[in-house]
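In: Fold the stuff below for me.
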Amino acid sequence: MGDAQHWDTIVIGAGAAGMMCAAVAGQRGARVLMIDHAEKLGEKIRISGGGRCNFTNIHTGPANFISENPHFARSTLARYTAADFVALVRRHGIGFHEKHKGQLFCDESAEDIIAMLRAECATGDVRWAMPCKVRRVAKNAEQFEVDTEQGTQRARRVVIATGGLSIPKIGATDFGFRIARQFGLRVVEPRPALVPLSFHATQWTPFMPLAGVSLDVHARCGAGAFDEDMLFTHRGLSGPAILQISSFWTEGAPIRLNLAPSFGTDALVQALLAAKHGGRQALQSVLAQLLPRRLAEGWLASQRIDGAQRIADAPDRLLRALAQSLTDWQLVPSGSEGYRKAEVTRGGVATDELSQATLESRRVPGLHFIGEVVDVTGWLGGYNFQWAWSSGYVAGMAMA
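Out: Residues are numbered from 1 along each chain as shown. So this is what the prediction gives:
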C-alpha cells in the first residue's frame with residue numbers, strides 16, 4: 001500500500017458487519033480501505049451453521065436481542081431488514097432454505113455468502129489490506145491515522161468491526177474493546193454467550209451416564225425462556241436450549257429446566273398416579289413411555305430411586321417428588337465452556353456511547369462501531385448475522 005495514503009473510510013475487521021459496511025460505503029462513492037489481520041476471509045461466516053451459514057432469521061425483531069438498552073437496535077434493524085438481506089442473497093443466485101423457526105441457511109455452502117460479500121465490495125471498488133495488523137489508531141484534527149504493518153493510512157472515518165472474544169482459535173481478539181476504551185468510550189463487560197454450561201465434577205457425577213441424551217425441554221434463566229433441544233454432556237449441558245439461556249445466565253444464578261415440557265408438574269403427577277392404579281409395570285418402564293428411555297433410567301438412578309420397583313408399590317409422595325424433579329429441575333452451573341465454545345460475545349461498546357442513526361461515537365466524530373463489538377447480542381438462530389448486516393448497512397450509509 002505504501003505510506004500515508006488517504007481514504008474516506010477505513011474499515012477494520014473483514015467479517016460480516018465489516019464487509020457489509022465497506023460494500024455499502026464503496027457503492028455510495030466512498031474510497032474505502034478494508035483491513036484485517038486474518039489470513040482467511042470471513043472465517044466465522046465459513047464455520048457457522050455447520051458450514052452452511054444461518055445467515056438470518058425471518059422473524060428478526062428488537063425482542064430477539066439482549067442489550068443494556070433493548071430499544072437501541074430497533075431503528076437499525078428497521079432500516080435494513082431480514083427481507084432486505086434475503087433480496088441480496090437472491091440477486092446473487094444463492095439457494096437457501098428455512099430449517100427451523102425462521103432460520104435461513106444456504107443450500108450449498110457458507111462460502112456462497114463470503115463470495116457474495118466479496119463481490120459486493122468489488123462493486124464498490126473496496127481496497128484490501130489483508131493479512132495486515134493494525135498497530136495504532138489515533139485522531140489528529142479532522143482525520144484518523146491508522147498505523148499498520150503496511151504503512152500509515154489516513155481517513156476521515158474509521159469503522160471498528162472487529163467482533164468480540166468468541167472463538168479465539170479463528171482470530172478473535174479484544175482489539176475493538178481496546179480502541180473503544182482508548183477513546184474514552186464505556187464498554188459493558190464482555191462475557192461468553194450462546195455457550196454450553198458446565199458443572200463441578202462432584203455435582204455432575206450422577207448425571208454423567210446421561211451424556212449423549214438429547215431431548216426437547218423448556219429452559220428458563222432470568223428473562224430468558226425457550227422451548228428447544230437440550231443435550232447432556234460429560235461436563236454439563238449443551239444444545240440450543242442451553243445456548244439460548246446461557247446469554248441470560250450470570251455466575252451463581254440457577255437455571256430451571258422442564259425435562260417433560262408437554263407436562264406441567266401437576267399433569268405429570270396425575271399421569272404417574274393414573275399409571276399406579278392397577279399398574280404392574282416397573283416404574284422405569286412407565287417413565288420411559290413419557291421420556292427417552294436412557295433419560296428415564298438415568299434420572300431415576302440420579303435421584304436414587306429404584307426404577308425396577310412396580311409403580312403400584314411406589315408411594316404417592318415419591319411419585320410427586322419425581323414429577324417435581326423432572327418438571328422443575330433447578331441447578332446452578334459452575335461456569336460455561338468459555339470463549340472457545342461461545343458462538344458470540346455478550347456486552348461490548350455501550351449503546352449510550354453511539355448514535356442510533358449512524359452507530360457513530362458521540363464522543364469521537366467519525367469513529368463508528370458495528371457488529372458484535374457493540375453491546376447488542378442476538379438469540380441463537382441467525383439473529384446475530386442480521387445485526388451484522390443491519391449495523392453494517394446503517395454505518396455504510398453514513399460514510400458518504
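
In: Just the residues contacting the one helix or strand residue 118 maps to, thanks.
Out: For residue 118, the host element (DSSP states H and E) is helix 111-123. Outside helix 111-123, the residues within contact range by CB atoms under 8 Å, 6 or more residues apart in numbering are 16, 19-20, 22-23, 26-27, 34, 41-42, 45-46, 53, 55, 88-89, 92, 94, 106. Just so you know, the C-beta spots here come from the backbone N, C-alpha and C atoms, and that holds for glycine as well.

In: out of the residues you listed, which are inside strands?
Out: Secondary structure from DSSP state E places 34, 55, 106 of the contacts of helix 111-123 in strands.

In: List the contacts of the first one.
Out: Going by CB under 8 Å, 6+ apart, residue 34 touches 11, 14, 18-19, 22, 121, 126-130.

In: Recalculate using a threshold of 6 Å.
Out: 11, 14, 22, 126, 128 (CB atoms under 6 Å, 6 or more residues apart in numbering).

In: thinking the fourth one is in contact with residue 21, fair?
Out: No. Residue 126 sits out of contact with residue 21 when judged by CB atoms under 6 Å, with a separation of 9.8 Å.

In: Comparing those two, which residue is more hemmed in?
Out: residue 21 (34 against 24; other CB atoms under 10 Å).

In: Surely that one touches residue 159?
Out: Yes. Contact criterion CB under 6 Å: residue 21 and residue 159 qualify, at 5.4 Å.

In: Quick check: neighbours shared by these two?
Out: 11, 395.

In: Now do the helix ranked longest in the chain: which elements does it pack against?
Out: In the chain, assigned by DSSP state H, the helix with the most residues is helix 383-397. Counting by 3 or more CB pairs under 6 Å, 6 or more residues apart in numbering; DSSP states H and E, the packing neighbours recorded for helix 383-397 are helix 16-27, strand 54-57, helix 73-79.

In: Name the residue closest to the centre of the protein, please.
Out: residue 344 (4.2 Å; CA atoms, centre = their mean).

In: What does the pLDDT read for that one?
Out: On pLDDT, residue 344 comes in at 97.

In: How much space separates it from residue 374?
Out: Residue 344 sits 11 Å away from residue 374 when distances are taken as CB to CB, to the nearest Å.

In: Please apply the same query to residue 304.
Out: 48 Å.

In: of these two, who's got more company?
Out: For residue 304 versus residue 374, neighbours defined as other CB under 10 Å are more numerous around residue 374 (30 against 7).

In: what pairs with the more buried one across the strands?
Out: residue 349 (DSSP bridges).

In: same check, this time on residue 137
Out: residue 146.

In: got the buried residues for the least confident helix or strand in the chain by mean pLDDT?
Out: None of the helices or strands of the chain scores lower by mean pLDDT, DSSP states H and E than helix 265-276, at a mean of 91. Neighbour counts over helix 265-276 (16 or more other CB atoms under 10 Å) mark 265, 268-269, 271-273, 275-276 as buried.
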